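Asks: Got a predicted structure plus its sequence, pasted below:
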Amino acid sequence: MATTAQIAKSKRRPKFTTRVVRRCFRCGRRRGFLRRFRLCRICFRELANQGLIPGVRKSSW
């Protein structure tokens, strides 16, 4: 879980666009971020397994 200072810092507009820090809106994690869903990989998996993300389901073959 990210600290409140880290989250506040990432919300500020950076001087350069390459410095944008994208964070999971649910837990604040920075690494393993999926842009399409705005979630980290851990939160994505939790919500997908619960069926809360429309159009996503667990694959099996």
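Replies: Arrived safely, thanks for sending. No experiment lies behind these values; they were computed from the predicted model shown.
Asks: so Asn49 touches Lys58, yeah?
Replies: Yes: here Asn49 reaches Lys58: they are 6.7 Å apart, a contact under CB atoms under 8 Å. Yep, even glycine has a C-beta here, placed from its N, CA and C like the rest.
Asks: Mind checking which of those two has more residues around it?
Replies: Asn49 (12 against 8; other CB atoms under 10 Å).
Asks: Just to be sure, the more buried one is in a helix?
Replies: Yes: assessed with DSSP: H, G, I helix; E, B strand; the rest coil, Asn49 lies in a helix.
Asks: Make 33 the first number, not 1, from now on.
Replies: Yep, numbering from 33; the last one is Asn81 now.
Asks: quick one: it and Met33, what's the gap?
Replies: Look at Asn81 and Met33: by CB to CB, to the nearest Å, they are 20 Å apart.
Asks: do the same with Cys56
Replies: Taking CB to CB, one finds Cys56 at 10 Å from Met33.
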